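Undergrad: from the sequence below, what's the structure:
(chains A and B)
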Amino acid sequence: MNLVRAHILVCGGTGCTSSGSEKLISEFETQLSRVGMADEVKVVKTGCFGLCALGPIVIVYPEGAFYSRITPENVKEIVDEHIVKGRIVKHLLYDESVKEEEIMPLNDTNFYKHQMRIALKNCGVIDPENIDEYIALDGYKALGKVLTEMTPEQVIDIMKQSGLRGRGGGGFPTGLKWDFAAKQPKGQKYVGCNADEGDPGAFMDRSVLEGDPHSVIEAMAIAGYAIGADQGYIYIRAEYPIAVNRLQIAIDQAREYGLLGDNIFGTDFSFNLEIRLGAGAFVCGEETALMTSIEGKRGEPRPRPPFPAVKGLWGKPTILNNVETYANIPQIILNGVEWFNNIGTEKSHGTKVFALGGKIKNTGLVEVPMGTTLRTIVEDIGGGIPNGKKFKAAQTGGPSGGCIPASLIDVEIDYDSLISIGSMMGSGGLIVMDEDSCMVDIAKFFLEFTVDESCGKCAPCRIGTRRMLEILTKITDGKATMKDLDNLKLLANSIKASALCGLGQTAPNPVLSTLRYFEDEYIAHIVDKKCPAGVCKNLLQYKIVPEKCIGCSLCARQCPANAISGEIKSPFVIDQSKCIKCGACMSACKKQAIIKE
Amino acid sequence: MAKSSTIPFAGTKEQKEKLDAVIAKHKDMEGGLIPVLHQAQEIYGYLPIEVQQMIAEGLNIPMAEVYGVVTFYTQFTTNPKGKYKIAVCLGTACYVKGSQELVDRISQRLNIGVGECTPDGKFSLDATRCIGACGLAPVLTVNDDVYGRLTAKDIDGILDKYINE
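TA: The predicted model follows:
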């Protein structure tokens, strides 16, 4: 391995790749060759740094200069100034990381200061396509320790004592799950990894697989040893091409190094891994549906019990864990139970990764100790709400979760606190909403999702969610009565009690939780026929304020429906019967003379 | 529901040979149907009834089962896609930032609904779940090109680029 004097780390996560980081890498290589430094400076494509809002991100070591929103045109300047002359290009730095002309360590910036990285430990640090870099940071050491120093029972004991709970949503204790499977009679067993990240606002699992795929492979081998399985499957969304590709590279490298395959570390233990691609069905995130899908069938869930630990894939004992859960495991083995138990809250140990999105300044991926308050996440790490708007609510748990209103912003987030306020951890999507978000519309958005994704096997979900959506549509159209609201509640509670799988049972949650905290908004839609946030189109009217209108006709020319008329230099008028409420007039008006109410 | 395709199936001999090779490779694999469908869609671009028939015969499983699996998963399409595949992200983060307006504008401009293809085969429109570029929300992709931080006003400019090509 060549020694180099500087490293240029370029984020190769999906967020930064979407904003052009691949081009940066080739541009850096071109520019470095131009100045003859291609041998002494190494360009590394890493996983996600987390601060996706500022992508594409480039970090140059040894200085640790954090460059944000870099374009290929900036690359020449960085190479000429920073690399050749040793002068950091200050105007391209992330402004938070510069204080009084000095570069602050990244961990002192607000975005990183409150974070603690366990599952994301290597993301943005190593080249995920190079197994040596993973090994250099203690990679596969946990597997070695487990195989050569511990019995399967001891591994399960550690997992139980660590109190690690499933990061995919339900929060079931991982050690217990492994114990059930280990206690089944010897024979064919399977280890599964659920990478079918279906929550439409969550991308933490993908980031782990893109940034640190070996941690998942290592943990799955550990799980295989603990329960007595020699075959694993990773079920991953086909929509994640970068993750699939890096995972396959990682599996091939591990096999080449003898870390997968027969007689790993010279022991009797053998373990193989195979990738299975999902095909775009939300329900396949449910464990029984996922297994049916691996078997090549329609991904419909089946009743439990029997649980997968008893009768899973092809009828054999199977454990399924989520990606983030696996990413924690090597660290727990290496650092010990006590270390892990000191992080987090009493009943939720460790950290949780959240995909922070929506109306927030620092969109991205954050990992915080359990028990961190929503306020810290939104205001300190997230940098608050843009455009001076007010925080209204945060949505967690995606289509199975609920909303946390502004009044509960100081709640310490863990599995149990979220359940007690009517939401849930889910996989970790955390969508921030401001005063311009309509809570009825958000509930409707999730119901549309559920109706679309219902597999159709059980009636409560197939028919019930559709009826709920119809009522919600009536409400947002201003055609509902208070009786409809009662029916909505009744339906929601019946579906919760009677649906077959976890997805159906949680499908009414977005409605129930918005009703719990924002019932007044529902009533405003039903009784006053108004949408307080100004989102629901059928309850809105665009109006021209005559006092402000200068009669320039700009709005009339923009209107696709020819609904605006008037004489030049006198106030124009919108014909409400023709208006399609597209809002084109409002964004065209230079005098803010058009309002919606 | 998207209208079903009226474009006649036009598979070539080369495509059939590729598909046969894929089928032969997965014939004895447990749960091989879904991997075969993925690759068949790569070969043909979509999965019309004719292709499903070949797979059913090749893997020796009932046609009803193949059809059942194809229609269950949203990744599999029985309609051909356009030369330019437009996908607007309707994940939560993009939705709260107004991606529905992008869909509406494209749909209006191209006169096609979600899941449909223009009659000249140039554009198809899909609404996708989170593509993970939430930092750029709202986002759409045209084939492999990603466009982020959009408003409905940007749509015409993007479409013009491909229309004039």
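Undergrad: okay but residue A:211 is in contact with residue A:123, surely?
TA: Yes. Using Cβ atoms under 8 Å, residue A:211 is in contact with residue A:123, at 3.2 Å. Backbone N, C-alpha and C define where each C-beta goes, glycine included.
Undergrad: now for these two: what residues contact both?
TA: Taking Cβ atoms under 8 Å, 6 or more residues apart in numbering or on different chains as the contact rule, residue A:211 and residue A:123 both touch A:13, A:46-48.
Undergrad: which residues sit in contact with residue A:231?
TA: A:188, A:190-191, A:224, A:271-274.
Undergrad: how near is it to residue A:72?
TA: In this view, residue A:231 and residue A:72 are 45 Å apart by Cβ to Cβ, to the nearest Å.
Undergrad: by neighbours, which of the shared contacts of residue A:211 and residue A:123 wins?
TA: Using other Cβ atoms under 10 Å in any protein chain shown as the neighbour criterion, residue A:13 leads these with 33 neighbours.
Undergrad: residues contacting that residue?
TA: Shown in contact with residue A:13 (Cβ under 8 Å, 6+ apart): A:47-49, A:52, A:55, A:123-124, A:207, A:210-211, A:242.
Undergrad: residue contacts, the residue nearest the centre of chain A?
TA: The centroid of chain A falls nearest to residue A:202 when counting by Cα atoms, centre = their mean (2.2 Å). Contacts for residue A:202 (Cβ under 8 Å, 6+ apart) come out as A:355, A:398, A:426-429, B:130.
Undergrad: sec struct for the residue located most distally from the centre of chain B, please.
TA: For chain B, the C-alpha farthest from the mean C-alpha position belongs to residue B:28; by Cα atoms, centre = their mean, that distance is 28.1 Å. Recorded secondary structure, residue B:28: coil (DSSP: H, G, I helix; E, B strand; the rest coil).
Undergrad: could you provide the contacts of residue A:13 in TSV, with additional columns for pLDDT?
TA: Below are the contacts of residue A:13 laid out as TSV (pLDDT from 0 to 100):
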residue	pLDDT
A:47	91
A:48	90
A:49	91
A:52	89
A:55	87
A:123	94
A:124	91
A:207	92
A:210	93
A:211	95
A:242	88
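Undergrad: and those near chain B, which?
TA: Among these, the ones lying near chain B by Cβ under 8 Å from any Cβ of the partner chain are A:52, A:55, A:207.
Undergrad: return the closest of these with respect to chain B.
TA: Proximity of those to chain B (Cβ to the nearest Cβ) peaks at residue A:52, which lies at 3.1 Å.
Undergrad: excluding chain neighbours, what is closest to residue A:507?
TA: residue A:450 (4.4 Å; Cβ to Cβ, 6 or more residues apart in numbering or on different chains).
Undergrad: contact partners for the residue farthest from the centre of chain B?
TA: Counting by Cβ under 8 Å, 6+ apart, there are no residues that residue B:28 touches.
Undergrad: got any ranges where chain B has weak pLDDT?
TA: Within chain B, the stretches with pLDDT under 70 are B:1-7.
Undergrad: could you give the number of residues near residue 129?
TA: Answering for chain A, as no chain was given. When counting by other Cβ under 10 Å, one arrives at 16 neighbours for residue A:129.
Undergrad: actually it's chain B I care about, not the one you picked
TA: The tally of other residues near residue B:129 (other Cβ under 10 Å) stands at 24.
Undergrad: from what I see, it and residue B:89 are in contact.
TA: Yes. With contact defined as Cβ under 8 Å, residue B:129 reaches residue B:89; the gap is 7.5 Å.
Undergrad: wait, isn't residue A:248 in contact with residue A:277?
TA: No. Checked against Cβ under 8 Å, the pair residue A:248 and residue A:277 is beyond contact range at 10.8 Å.
Undergrad: more neighbours: which of the two?
TA: Higher neighbour count among residue A:248 and residue A:277: residue A:277, with 20 against 14, using other Cβ under 10 Å.
Undergrad: residue contacts, that one?
TA: Counting by Cβ under 8 Å, 6+ apart, residue A:277 touches A:235-238, A:244, B:34-35, B:38.
Undergrad: any idea how far residue A:251 is from residue A:316?
TA: Between residue A:251 and residue A:316 the computed distance is 22 Å (Cβ to Cβ).
Undergrad: the more surrounded of the two?
TA: Between residue A:251 and residue A:316, counting by other Cβ under 10 Å, residue A:251 is the more crowded of the two (21 against 17).
Undergrad: may I ask which helix or strand encompasses the nearest residue to the more buried one once chain neighbours are set aside?
TA: With Cβ to Cβ, 6+ apart as the criterion, residue A:251 has its nearest non-adjacent residue at 5.4 Å, and that residue is residue A:273. In this structure, residue A:273 sits in strand A:272-277 according to DSSP states H and E.
Undergrad: for residue A:392, same thing?
TA: Taking DSSP H and E as the criterion, residue A:392 maps to strand A:391-396.
Undergrad: output that strand as CSV, nothing but the C-alphas.
TA: Output in CSV follows, covering the C-alpha atoms of strand A:391-396 (Å, rounded to 0.1, in the frame of the first residue of the first chain):
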residue,chain,number,x,y,z
PHE,A,391,-42.3,24.2,13.9
LYS,A,392,-45.7,22.5,13.8
ALA,A,393,-45.1,18.8,14.1
ALA,A,394,-42.6,16.0,13.4
GLN,A,395,-43.8,12.7,11.8
THR,A,396,-42.0,9.5,12.8
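Undergrad: and the next helix-or-strand element following that strand, what's buried?
TA: Next helix or strand after strand A:391-396 toward the C-terminus (DSSP H and E): strand A:402-405. Neighbour-count burial for strand A:402-405, counted by 16 or more other Cβ atoms under 10 Å in any protein chain shown, picks out A:402-405.
Undergrad: quick one: which of those residues is nearest residue A:560?
TA: Set against residue A:560, the nearest of the buried residues of strand A:402-405 by Cβ to Cβ is residue A:403 (34.3 Å).
Undergrad: which residues touch that closest one?
TA: Contact analysis of residue A:403 by Cβ under 8 Å, 6+ apart lists A:393-395, A:423, A:433, A:439, A:442, A:510, A:513-514, A:517-518.
Undergrad: circling back: which of the ones next to chain B among the contacts of residue A:13 fall within helices?
TA: The helices, defined by DSSP state H, take in residue A:207 from the ones next to chain B among the contacts of residue A:13.
Undergrad: residue A:84 reaches residue A:36, doesn't it?
TA: No. Look at residue A:84 against residue A:36 with Cβ under 8 Å: they stay out of range, at 9.6 Å.
Undergrad: quick one on the thing from earlier: quick one: contacts for the residue nearest to residue A:507?
TA: Shown in contact with residue A:450 (Cβ under 8 Å, 6+ apart): A:399, A:461, A:465, A:503, A:507.
Undergrad: state the pair within the residues you listed that is farthest apart.
TA: Largest separation among the contacts of residue A:450 by Cβ to Cβ: A:399 and A:461, giving 11.8 Å.
Undergrad: okay then, goodbye and thanks.
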